[in-house]
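Participant: no sequence on this one, just coordinates:
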């Protein structure tokens, strides 16, 4: 697997033609085969070249999903579930062709149980839509991976983002799903109780399975009460080590920080230039606290003490929403600011996650690697989780640059694995990280493959993702 | 499945004899076949009659576990993992005979990573042993199912207990396991990073699988910082509804309550009699708060307001450890107090868990059912999770009593399922709840069975548990 190339799979031409015929007859205009639309459904925010599906179908109900899966199963044709197309590792590509199932018309919030702090939504509901629907309930759905992704897609890649340190990832926040499996049956993985010991945890099996075990038709989510007070702040540090020490102490003390983000010096410089700010151009932590008025004040005071003990500069913080947005501006604009470090370049995001005691070491070694290899690559980290992204800016028309980036990614992932970390904290494996998954999981990949073979023996569910079917 | 009977499975006499020979040769005294010891390994806190294994083997290393599994696999002989024998649903019975693998000699804390708030232990470490080992680190392992269970056993049944409302269950607190699968391979399910999107969530698949997919050889756990302050309190309510309303409001307001336990009027009466207390004999909530000094005071004040709004009596609370123990005495002694409601009777514990909005309704209907059927059965609930236990006190020598208890359990589980709840919040399925699992999960059980067939095609890993192998 290389950054510049993905292997095509074997195509079942006859089956694909047959299933398109069957689906066209049943679904009419809900099935489309125009190239522009197919290309859209292979176009994502990834660096991996698109591999187009043969058709795109738009189910409007769980029944539609079942019919489509059964038709594809009858003809052994791949199904690639599609949401907002914001995945980063080629998760929506169609290496063996087949049918892209665009789930964005399944966009209803099915129920909100305010007393139980949960809701059930169709997979095409986006997180912004959900939070907008929740506005009058005093509740919110906390997981924020950056993009306005669909809940189905977020569940499928086990997404998280900036406030996972407080609220967990999709792993902790999905209570149950309904899914149509490769046999065309719809199953529900759990009841709505907050906990259960009723057999295998099928919910967690589907969360993070990237569409390889079935198509999600609904997702039941935990919600949170909107906190009485939110405060935000920023604090510069003399070094990455100093900032990471502050993070470790904050977590150890049990301060229930809602977000704690690390931007390295290059990223801070980029943000100052892009957003016309005057932050110190040194590694900085951006924090957010949720709680009561007294609670957020106490948390901020405790953090300020820690920061000072770790050699940090002044910790500026506020509960005023506008000032908070201002303090966080550098973090909010980080991605766009990064791209301006090299206008016209493409950004490739890495995703390692290590135990937080190793975070400083991992970031510093990575910065040295970046410098030694002449890369332009700022770093933003979800520091409380030990997860950070290097955005490698490169000219994808220059093969030597691609090679250098690939080699860098290989060294970075190896570094994280050596520190008992993972090659992916939140983006998933898709097509791009399969080599690293094998190194990370060893024989565990065989167990995953056995499960896949049992649940999808014909390999019609998003084939070519996570691991190779044939080992 | 009935309370009074468990079906024996088919025995592979030849294989059992052969494997005992092989293991005796290899393990000498580490293998025992005496009846008393075998009976001990089938004796649990359950109502289900014991089904003895043919031998008990005591591995002392992961290598031993592998050797035993391979020997059993070669001869198609069942392996039943055993910890402290505190399971409640027949999880350690040997319906087809076989080898009980007593893991209590694998009792080392392998590593503690204080900075990362995690540790890795062998499966035979008990939770009290772990917390004792952690004492100097400022950290603790929060999950407390009541019994001093082994960590391996707790992982296997997805245990939780009183403070799951704050810290989650074993589902949320196991970071990774190593396990020897039916093929005799040892796999590791994840790295030590706090989050990961690296393929299928094998960790969560093993947590709660009750030994049916492999034998755990180590468990990596999340730890928590010991809070600066702990406060405890108790508050009586005029009715179960009033108490449950207070629970719902507490959770909705996001008060990070560490424990919130409901005792019904009969249970309070039993506790007063047993422990010589003078608590009001009405439904009561027992609470514990963890945080800073200011934090626990604020939480207690907020809860007192809620309690008052819900018609509760005076909320007594304290941060003084001795007074706290005194306030909580009724809760601590609840089980033993219950048994004294009918000296000589056996207690059978139920385990439904419902969405918290339905908790009051479920408890009240259950109390009416208890009264209508002349049962003696006090109720204790982990109210913040919607999980409650009815302790049915019965004379197991009277068939009519057994029948009445069985019928009651059936109605209770049906009631919970109708409220979108589960038949088991924390005890697991074992042998006792398989009928209810099918009703709860429908086709989901087929998916579980497919996974079992894929990972353990000869059905040697704790056969006869969770669901029947043959459907």
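Facilitator: Perfect, thanks for sending it. If you're wondering where the values come from, they're calculated on a predicted model, not measured in any experiment. Numbers count the residues shown, from 1 in each chain, chains lettered A, B, ... in the order given.
Participant: Verify the stated contact: residue A:138 with residue A:228.
Facilitator: No: look at residue A:138 against residue A:228 with C-beta atoms under 8 Å: they stay out of range, at 10.4 Å. (C-beta placed from N, C-alpha, C; glycine too.)
Participant: How confident was the prediction at whichever residue of the stretch 201-350 of chain A sits closest to chain B?
Facilitator: Closest residue of the stretch 201-350 of chain A to chain B, C-beta to the nearest C-beta: residue A:204 (3.4 Å). We note a pLDDT of 98 for residue A:204 in this prediction.
Participant: ok now do residue A:329, which residues does it touch?
Facilitator: Shown in contact with residue A:329 (C-beta atoms under 8 Å, 6 or more residues apart in numbering or on different chains): A:271, A:275, A:277.
Participant: Show me which of those are buried.
Facilitator: Neighbour counting with 16 or more other C-beta atoms under 10 Å in any protein chain shown marks A:271, A:275 as buried within these.
Participant: Tell me the one among the contacts of residue A:329 nearest to residue A:177.
Facilitator: Distance ranking of the contacts of residue A:329 against residue A:177, using C-beta to C-beta, places residue A:271 first at 37.8 Å.
Participant: What parts of the stretch 1-150 of chain A come near chain B?
Facilitator: Proximity of the stretch 1-150 of chain A to chain B is assessed by C-beta under 8 Å from any C-beta of the partner chain, with A:113-118, A:138 identified as the residues in range.
Participant: Now restrict those to buried residues only.
Facilitator: For these, buried by 16+ other C-beta under 10 Å: A:113-118.
Participant: Now for residue A:60, how many residues are close by?
Facilitator: Neighbour count of residue A:60, defined by other C-beta atoms under 10 Å in any protein chain shown: 15.
Participant: isn't there a strand covering it?
Facilitator: No: assignment of residue A:60 by DSSP: H, G, I helix; E, B strand; the rest coil gives coil, placing it outside any strand.
Participant: So it versus chain B, what's the distance?
Facilitator: Per C-beta to the nearest C-beta, to the nearest Å, residue A:60 is found 23 Å from chain B.
Participant: I figured that residue was touching residue A:106, is that so?
Facilitator: Yes: using C-beta under 8 Å, residue A:60 is in contact with residue A:106, at 7.1 Å.
Participant: Relative to chain B, how far out is residue A:72?
Facilitator: According to C-beta to the nearest C-beta, residue A:72 stands 19 Å off from chain B.
Participant: dump the residue contacts of that residue.
Facilitator: In this structure, residue A:72 makes contact with A:19, A:78-79, A:98-99, A:460, judged by C-beta under 8 Å, 6+ apart.
Participant: Give the closest residue to residue A:46 in space, chain neighbours not counted.
Facilitator: Take residue A:46 and drop its neighbours on the chain: the residue closest to it by C-beta to C-beta, 6 or more residues apart in numbering or on different chains is residue A:88, 5.0 Å away.
Participant: And for the one you found, the neighbour number?
Facilitator: Taking other C-beta under 10 Å as the neighbour definition, residue A:88 ends up with a count of 24.
Participant: I'd guessed it sits against residue A:147; true?
Facilitator: No: in this structure residue A:88 lies outside contact range of residue A:147 using C-beta under 8 Å: 9.4 Å.
Participant: Walk me through the regions of chain A where pLDDT falls short of the threshold, as ranges.
Facilitator: When the per-residue scores of chain A are filtered using pLDDT under 70, the ranges that remain are A:1-6.
Participant: does residue A:381 count as helix, strand or coil?
Facilitator: When the structure is reduced to helix, strand and coil (three-state DSSP), residue A:381 reads as strand.
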